[in-house]
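J.: Here's a sequence, model it:
(one chain, ligands or ions: 1)
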Amino acid sequence: MKNGIDIGAWEDFPDKEIVRVEVGGTVLGVCRWGELIYAFRNACPHQGAPLCSGFMQQNVSAEMVAGDVSMLTREEVPVVLCPWHRWEFNLEDGSAAWPGFKMRTYRATRESGRVLLHFGRK
Ligand code: FES
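T.: Residues are numbered from 1 along each chain as shown. This next block holds a predicted model:
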């Protein structure tokens, strides 16, 4: 028996696209980033925008280093951009640049060509 809820074939989730999935009344966004796959609740923690209508990009964040602002690019950590105010949420852990606002994430895995969703805490 598989450990997780089967939400579709790997091919059902095109690379770098957010796919809207409903599981037991909960609407989620599921998205691939190459060989990685992520899942998150379809509600922005800021004002509730449908995050499935946002889009993915690599994490580009500004960081103040000794009074100098530099842009950091972290290809390996994608983010989802909220469609309303463009806040970025890290797809690994749901974190944002603003303390107290965290997107709810879920663990998704690939097993035997299928995508499984795990509702337990990450
Ligand atoms: S509702 Fe998502 S950033 Fe404001």
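J.: List the contacts of the spatially most central residue of the chain.
T.: Centroid-nearest residue in the chain, with Cα atoms, centre = their mean: L91, separated by 3.5 Å. Contacts for L91 (Cβ atoms under 8 Å, 6 or more residues apart in numbering) come out as C31, W33, Y38, F40, M56, V77, P78, V79, V80, T105. The way it works is simple: take the backbone N, C-alpha and C, and place the C-beta from them, glycine included.
J.: If you count neighbours, what's buried in stretch 40-57?
T.: By neighbour count with 16 or more other Cβ atoms under 10 Å, stretch 40-57 contains the buried residues F40, R41, N42, A43, C44, P45, H46, A49, L51, C52, G54, M56.
J.: ok, residues contacting it?
T.: Residues outside stretch 40-57 that contact it (Cβ under 8 Å, 6+ apart) are 16-20, 26-29, 31, 33, 78-85, 87, 89, 91, 94, 96, 98, 101-106.
J.: Please report the distance of the closest residue to F119 other than its chain neighbours from the ligand.
T.: Closest residue to F119 apart from its sequence neighbours, by Cβ to Cβ, 6 or more residues apart in numbering: Y106 at 6.3 Å. Applying Cβ to the nearest ligand atom, to the nearest Å, the value for Y106 to the ligand is 18 Å.
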